[in-house]
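1. Give me coordinates for this.
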Amino acid sequence: MVLSHEESALRDRLHASQSIMMQRLAKMVAISSGFGNTQGLDALRTMIAARLSALGATIEFVPADARPSWVDHAPGLDPRAPTLIARCGQGQRAVSLLLCVHIDTVHDPQGDFQKLLPRGDGAFTGPGAVDMKGGIEVMLSALEALHAQGKVIAWTVMVVSDEESGSFGAAAAIAREAEKHQFAFVMEPATSVGDLVVQRPGSGQFLLQAFGRAAHAGRDFAQGVSAVQALAKAVTAAGQMSDASTGRIVNVGPLQGGVATNIVPDVAKAWGNIRFRDEAEGRLLGAAIDALASGGDGEVPRVRVQRIMNRPAKPCTLAVRELGERAQAVAADLGFHVGLAATGGVSDANLIQQAGPPTLDGLGVRGGNLHRSDEFMWPESLPERAALLAILIFRQSQ
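-> Purely as a prediction, here's the structure:
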């Protein structure tokens, strides 16, 4: 179909705003929100809340739930970071839409990678520029464009503070809010070729903890029992479970073990991540990880396993495919193509779709090198994806 007059106006408004969108993105990127940096997370959350409030949204901050204490191999994450929920137009007769973004990144708040800077080929690099501050700007600009044209649409925005570390603090709030909505959009970056994401695997975390008996490595080596050796056997067995061709992935690291080379280590630990294509495979893989445990209480060596499946698989259901096809139609009317892709990454879309609403992901900007110090985005994708989102929301609300 051809763009309507209202849709053409949305497109033109957003394309005319590319410069200011880049300015706003630069401000967000310059706020370091990596590794549980509370000050940066608070500042970015406040900035987003102000823009949503200006659209007439009511703002709520939901306290974070506790994280499993064993999940994190190093301190630094803020267990108190709340989830922002903004609601607008809830009394209107309109399709109820949930939009979800996250403000945390994986980048070091004290590192050298701190600003949005031109790369020299038209792209811009910056921490979180793609994952997912670019997507935040796309979402806010789309909602602002709809508001400026007088479109009253019921929407809820969730701003998650701990997605990169598993969304443990936000998961319950996500589930409660998601079940109230008819469909959902998640602003994770597009694939490397600009496709939308309709399918994601599930994921889980685990900890292998081995126990031995300490001894002097020279005088009393025979009296010692190495926890590191016990752990190595378990880690090797875990690694052999992977089959990338079927989406079954077990990745181990980081590891800890021993305090000095002349002491037989009595404790060793390894953290791991698992990925699975569907829930049946997840149950099988989880049971295989659990079976790495060995030895009874007080025995040495022994291996203890702790595990949690924190994100279910997100299948491409018929309703998800139909939502993706509507987005493809909008893109075609805007003059470009987007595919519908499956990816090996996970996101809050996994949690949202499990709660009920069909969920379309990958609506954020185009770019690449996620989680690296050369992460980049293409500036022209800001108005491109904002127009896609705005018109998709407009059509869904009719």
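2. contacts, neighbours, all on C-alpha from now
-> Will do.
3. Can you get me a residue count around Ala386?
-> As a burial measure, Ala386 scores 28 neighbours (other Cα atoms under 10 Å).
4. Could you list the domains of this protein?
-> Annotated domains of the chain cover 5-200+314-396, 203-311 [automatic domain parsing].
5. Tell me where the model's unsure across the stretch 251-398 of the chain.
-> For the stretch 251-398 of the chain, no stretch has pLDDT under 70.
6. From what I see, Arg11 and Ala387 are in contact.
-> Yes: under the criterion of Cα atoms under 8 Å, Arg11 makes contact with Ala387 at 5.1 Å.
7. With neighbour numbers in mind, choose between these two.
-> A direct count of neighbours by other Cα under 10 Å for Arg11 and Ala387 places Ala387 higher, at 29 against 24.
8. what sits up against stretch 162-180?
-> Outside of stretch 162-180, the residues within contact range by Cα atoms under 8 Å, 6 or more residues apart in numbering are 36, 62-67, 79, 81-83, 98, 102-106, 158, 160-161, 184, 310, 347-348, 351-357.
9. what residue is smack in the middle of the chain?
-> When Cα atoms, centre = their mean is applied to the chain, the residue found nearest the centroid is Ser347 (3.8 Å).
10. Now do the contacts for that residue.
-> The contact partners of Ser347, by Cα under 8 Å, 6+ apart, come to Glu163, Glu188, Arg311.
11. How much space separates it from Lys115?
-> Per Cα to Cα, to the nearest Å, Ser347 is found 25 Å from Lys115.
12. same deal with Asn251?
-> Note on Asn251: its distance to Lys115, by Cα to Cα, is 31 Å.
13. Ok, Phe394 next?
-> Taken as Cα to Cα, the span from Phe394 to Lys115 is 34 Å.
14. can you check Ile263 too?
-> Separation of Ile263 from Lys115 (Cα to Cα): 45 Å.
15. and what of Lys151?
-> From Lys151 to Lys115 the distance is 35 Å (Cα to Cα).
16. Which one of the two is surrounded by more residues?
-> Using other Cα under 10 Å, the more surrounded residue of Lys151 and Lys115 is Lys115, with 19 against 14.
17. Just after whichever strand or helix holds Ala86, pick out the following helix or strand.
-> Using DSSP states H and E, Ala86 sits in strand 83-88. Proceeding N to C from strand 83-88, the next assigned helix or strand is strand 97-102, under DSSP H and E.
18. Show the average pLDDT along that next one.
-> Strand 97-102 shows a mean pLDDT of 97.
19. Contacts for the helix or strand immediately after it in the chain next, please.
-> Scanning forward in sequence from strand 97-102 by DSSP H and E, the next helix or strand is strand 117-118. Identification of contacts with strand 117-118 by Cα under 8 Å, 6+ apart yields Phe124, Thr125, Gly126.
20. Next, the buried residues of stretch 160-174.
-> By 16 or more other Cα atoms under 10 Å, the buried positions in stretch 160-174 come out as 160-171, 173-174.
21. on that earlier part again, kindly compare burial across the domains of the chain and name the winner.
-> Among the domains of the chain, ranked by average contacts under mean count of other Cα atoms under 10 Å, first place goes to domain 5-200+314-396 (a mean of 20).
22. where's it relative to the chain centroid, distance-wise?
-> Remark: domain 5-200+314-396 is offset 10 Å from the chain centroid, using Cα atoms, centre = their mean, to the nearest Å.
23. when you give positions from now on, start the count at 15
-> Sure thing, new numbering starts at 15, so read that last one as domain 19-214+328-410.
24. Could you give the bridge partners of the residue nearest to Gly253 when sequence neighbours are not counted?
-> Leaving aside its sequence neighbours, Gly253 sits nearest to Val264 (Cα to Cα, 6 or more residues apart in numbering; 5.9 Å). On the basis of DSSP bridges, Val264 is bridged to Ile288.
25. show me what contacts Val264?
-> Contact analysis of Val264 by Cα under 8 Å, 6+ apart lists Ala252, Gly253, Met255, Ser256, Gly286, Asn287, Ile288, Arg289.
26. Let's have those in JSON lines, adding distance to Gln219.
-> Formatted as JSON lines, the contacts of Val264 follow (distance: Cα to Cα, whole Å):
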{"residue": "Ala252", "distance to Gln219": "13"}
{"residue": "Gly253", "distance to Gln219": "14"}
{"residue": "Met255", "distance to Gln219": "15"}
{"residue": "Ser256", "distance to Gln219": "15"}
{"residue": "Gly286", "distance to Gln219": "6"}
{"residue": "Asn287", "distance to Gln219": "5"}
{"residue": "Ile288", "distance to Gln219": "6"}
{"residue": "Arg289", "distance to Gln219": "9"}
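27. can you pull out the strands in the stretch 165-314 of the chain?
-> For the stretch 165-314 of the chain, strands defined by DSSP state E, counting those that start in this stretch occupy the ranges 169-174, 197-200, 210-213, 216-225, 229-230, 263-271, 277-278, 281-290.
28. Would you mind putting these into JSON lines with distance to Glu394 alongside?
-> Shown next, in JSON lines, are these (distance: least, Cα to Cα, whole Å):
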{"stretch": "strand 169-174", "distance to Glu394": "24"}
{"stretch": "strand 197-200", "distance to Glu394": "20"}
{"stretch": "strand 210-213", "distance to Glu394": "17"}
{"stretch": "strand 216-225", "distance to Glu394": "32"}
{"stretch": "strand 229-230", "distance to Glu394": "62"}
{"stretch": "strand 263-271", "distance to Glu394": "35"}
{"stretch": "strand 277-278", "distance to Glu394": "58"}
{"stretch": "strand 281-290", "distance to Glu394": "33"}
